[in-house]
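S.K.: give me the fold of what follows.
(2 chains)
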Amino acid sequence: METNNPEQLSLFLSIFRISALVYLTFALGCLVIAVKLLERVSLKVQGVFPGQRLHILQFTTILSFFLYIGGGLFLFYAILSPPKELLIAVGGSAAVAIGFSLKDLVGSVIAGVVVLFDRPFQVGDRVKFGDVYGDIISIGLRATRLRTLDDSIVTVPNARFFTDLVSSGNAGAMDMMIEVPFYVALDADIDRARDLAYEAVVTSRFVYLRKPARIVMSEEAVAGRLAVKLTIKAYVLDVALEKAFQTDLVVRIARTFKKYGIRRPELLPFDSSRSQTSPSKI
Amino acid sequence: MDITSSYTELIEGDESRKKTVYLLDDAHNFFLADIGGFEGFRAFLELTNIRLKNTFWAAAFNVHSWNYLDSVFGKNRFFRTLIPLVEWSEEEIQNMILSRHRKSQFKLAYEKVVFAAQGNRGDFEDYAENTYFRLLWEQSSGNPRSAIYLWLSSLTRVGNTIRVALPEDTDPEAFLDLQQDALFVYAAIVRHENLSTEEAIEVTDLPEGVVRHAIKVGMERSFLFRYGGRYRVSAGWHNTIVSFLTKRNYIYGN
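M.R.: Residues are numbered from 1 along each chain as shown, chains lettered A, B, ... in the order given. Alright, predicted model coming up:
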């Protein structure tokens, strides 16, 4: 053993030659550039095939993922050419070290792979995760990034998707269902209100009618009084236009209800004994 | 009979009437996709669904309007028989165009197509003609109106000869620099088959300036043409624009 130790040590040190390390650094740099190029090409292809945008993004993410892992390991092996014994020893030690010190990170990486193949959501989906609501812009090795509607980037460690609830509004499709509630007074002409609301939905420039638009009606208490709630359930043609669609419906339906005299619920006065004014409308 | 006067006259006169078929062309003009814009279409449905023994109705719709109305009112709930006009085959398109052309006495020369196919004139004349009509058929998607437009746009007269070039290329990249609002305007025109500027403003609920600009750009780039004060998608661009808008969910089939 004693006679072998210096030999093993020199063998171990021999793989970390300065030239090899320079080559490895250079090759890893090239790998990063190659992935960046891939992302640029992906952007161009998305422009040419917009209907496949989400699938192309998903494919690019998977490819980048494997290029980094596979390419990195290959370059390490090809340039440094470590002996088998060293690989086994380093591999074993690394597994233990990573397992203990980077437990969460490894958990997130594994979760990232699971997310890619289990696909609870995809790149481009509009999801709700805890208090965060926005579009998935990337699924990375360690974490997933979302862009919220106020244009903030939120990074969520992948491991959290194992335990926490995440809901996807469009599940890979371009279109997405939205719900918009409206309230009318109990004594309003609710059939007319429903018909007008439906016409407002199907004539919106943002609506996607390949999937059905519906109006669900129920009674609810609003400001201490019963009112009829009309919940519009309709699909927007592109998830990116979700809020524009919602705004369009609110503006046009409010305008139409006013034009056709559809009564809205009225607020109870804050203090009727002190208030001399008539009830205000909501 | 004046079918616009009242239903009573229609019903009372039915027994004494000979069997009559009323053909209503461009029935997509009965609606405007705006709140309150379906009243005309509803009246039309009411009229055609009155129980009559001797009166029959046949209405022709633009396919995109039909698909839209299907989505709004439910799939084909009001008509007993639906006859979709299928696309013409390559051979039918070729026969239609060549049979019309033969009456003109002009000689056709496919030199430019032969040149594009990198062949020699004598060997490739028939091949060039077939290649040309295959391209024309693909580009027109079997729509005879588009095919005739593309055919005419690819001809040049030199003496008694008509030189045939490749059909005019319509590249969807021409839409890539357009604002989203312009696409909403074009989608509205496709959905209605024809719209006036005022109707386009009403239907899209966009500011007047935005709509006018979209129409102006569409006219400049030949996506649209104006006829009788109304704008339509030009035959040459029809398939390209429909395909572009369909891929982005602006218009849709069933």
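
S.K.: what residues does the stretch 151-254 of chain B put near chain A?
M.R.: B:176, B:184, B:187-188, B:203-206, B:247-250, B:252-254 (Cβ under 8 Å from any Cβ of the partner chain). Quick note: C-beta positions are derived from backbone N, CA and C, even for glycine.

S.K.: what about the chain, any weak spots by pLDDT?
M.R.: Defaulting to chain A. Applying pLDDT under 70 to chain A flags the ranges A:1-9, A:11-12, A:98, A:267-282.

S.K.: look at chain B instead
M.R.: Scanning chain B for pLDDT under 70 picks out B:1-5, B:76, B:111-124, B:254.

S.K.: mind listing the helices in it by residue range?
M.R.: Counting by DSSP state H, residue ranges of the helices within chain B are B:7-12, B:39-48, B:63-73, B:90-102, B:111-116, B:121-140, B:144-153, B:180-192, B:197-204, B:208-220, B:235-247.

S.K.: now the third one against helix B:39-48, angle please.
M.R.: Between helix B:63-73 and helix B:39-48, the angle formed by their directions is 80 degrees, by axes from the mean of the first three to the mean of the last three Cα atoms, to 10 degrees.

S.K.: does the lengthiest helix in chain A reach chain B?
M.R.: Looking across chain A with DSSP H, the single longest helix is helix A:18-48. Yes - on the criterion Cβ under 8 Å from any Cβ, helix A:18-48 is in touch with chain B at A:Gly47.

S.K.: buried stuff in that helix?
M.R.: Across helix A:18-48, burial judged by 16 or more other Cβ atoms under 10 Å in any protein chain shown covers A:Leu24, A:Ala27, A:Leu28, A:Leu31, A:Val35, A:Ser42, A:Gln46.

S.K.: quick check: which helices or strands does it pack against?
M.R.: helix A:53-80 (3 or more Cβ pairs under 8 Å, 6 or more residues apart in numbering or on different chains; DSSP states H and E).

S.K.: need the contact list for B:Tyr7.
M.R.: Listed by Cβ atoms under 8 Å, 6 or more residues apart in numbering or on different chains, the contact set of B:Tyr7 reads B:Glu46, B:Leu47, B:Ile50.

S.K.: then A:Leu141?
M.R.: A:Leu141 sits next to A:Phe65, A:Tyr68, A:Ile69, A:Ser108, A:Val109, A:Gly112 when contact means Cβ under 8 Å, 6+ apart.

S.K.: and it, how close does it get to chain B?
M.R.: Here the distance between A:Leu141 and chain B works out to 32 Å (Cβ to the nearest Cβ, to the nearest Å).

S.K.: among the helices of chain B, which comes closest to A:Val239?
M.R.: helix B:180-192 (14.1 Å; Cβ to Cβ).

S.K.: which strand in chain A runs the most residues?
M.R.: Secondary structure of chain A per DSSP state E: the longest strand is strand A:225-236.

S.K.: helices or strands up against the helix or strand following it?
M.R.: Note on strand A:225-236: by DSSP states H and E, the next helix or strand toward the C-terminus is helix A:242-259. When contacts are defined as 3+ Cβ pairs under 8 Å, 6+ apart, helix A:242-259 packs onto strand A:176-185, helix A:190-202, strand A:225-236.

S.K.: quick one: buried residues of the strand or helix carrying A:Ser218?
M.R.: Assignment of secondary structure by DSSP H and E places A:Ser218 within strand A:214-222. By 16+ other Cβ under 10 Å, the buried positions in strand A:214-222 come out as A:Ile215, A:Val222.

S.K.: how about it and chain B, any contact?
M.R.: No - using Cβ under 8 Å from any Cβ, strand A:214-222 never reaches chain B; the gap is at least 12.1 Å.

S.K.: and if you look at stretch A:180-196?
M.R.: Yes - contact between stretch A:180-196 and chain B, assessed by Cβ under 8 Å from any Cβ, occurs at A:Leu196.

S.K.: for chain B, what is the nearest residue in the stretch 1-150 of chain A?
M.R.: As assessed by Cβ to the nearest Cβ, chain B sits closest to A:Gly51 within the stretch 1-150 of chain A, at 3.9 Å.

S.K.: and that residue, how far from A:Phe100?
M.R.: For A:Gly51, the distance to A:Phe100 equals 47 Å [Cβ to Cβ, to the nearest Å].

S.K.: re earlier: so how far is the longest helix of chain A off the chain centroid?
M.R.: On the basis of Cα atoms, centre = their mean, to the nearest Å, helix A:18-48 sits 25 Å off its chain's mean C-alpha point.

S.K.: quick one, it and helix A:53-80 angle?
M.R.: On the basis of the same axes, to 10 degrees, helix A:18-48 is oriented at 170 degrees to helix A:53-80.

S.K.: pretty sure B:Met219 is touching B:Phe225, no?
M.R.: Yes - shown here, B:Met219 and B:Phe225 form a contact pair, counting by Cβ atoms under 8 Å, at 7.3 Å.

S.K.: now for those two: what residues contact both?
M.R.: Contact with both B:Met219 and B:Phe225 is made by residues B:Tyr231, according to Cβ under 8 Å, 6+ apart.

S.K.: how about the contacts made by A:Leu28?
M.R.: A:Gly72, A:Leu75.

S.K.: before we move on, back to that, neighbour count for A:Gly51 and A:Phe100, which is higher?
M.R.: A:Gly51 (15 against 9; other Cβ atoms under 10 Å in any protein chain shown).

S.K.: those residues of chain A touching chain B, which are they?
M.R.: Residues of chain A lying close to chain B by Cβ under 8 Å from any Cβ are A:47, A:49-51, A:174-175, A:196, A:199-200, A:202-205, A:208-210, A:212, A:237-238, A:248, A:252, A:256.

S.K.: list the buried ones in stretch B:43-62?
M.R.: Those buried within stretch B:43-62 under the rule 16+ other Cβ under 10 Å are B:Phe44, B:Leu45, B:Leu47, B:Thr48, B:Leu52, B:Thr55, B:Trp57, B:Ala59, B:Phe61, B:Asn62.

S.K.: give me phi/psi at the last one?
M.R.: Meaning B:Asn62. phi -70, psi 140 (degrees, to the nearest 10).

S.K.: that one and B:Glu15: what is the separation?
M.R.: From B:Asn62 over to B:Glu15 the distance is 35 Å, taken as Cβ to Cβ.

S.K.: what do you get for the fifth one?
M.R.: In this structure, B:Leu52 and B:Glu15 are separated by 9 Å, where distance is defined by Cβ to Cβ.

S.K.: the fourth one now?
M.R.: B:Thr48 sits 19 Å away from B:Glu15, taking Cβ to Cβ as the criterion.

S.K.: again, but for the third one
M.R.: Separation of B:Leu47 from B:Glu15 (Cβ to Cβ) stands at 18 Å.

S.K.: for A:Arg119, same thing?
M.R.: In terms of Cβ to Cβ, A:Arg119 sits 65 Å off from B:Glu15.

S.K.: nothing else from me, thank you.
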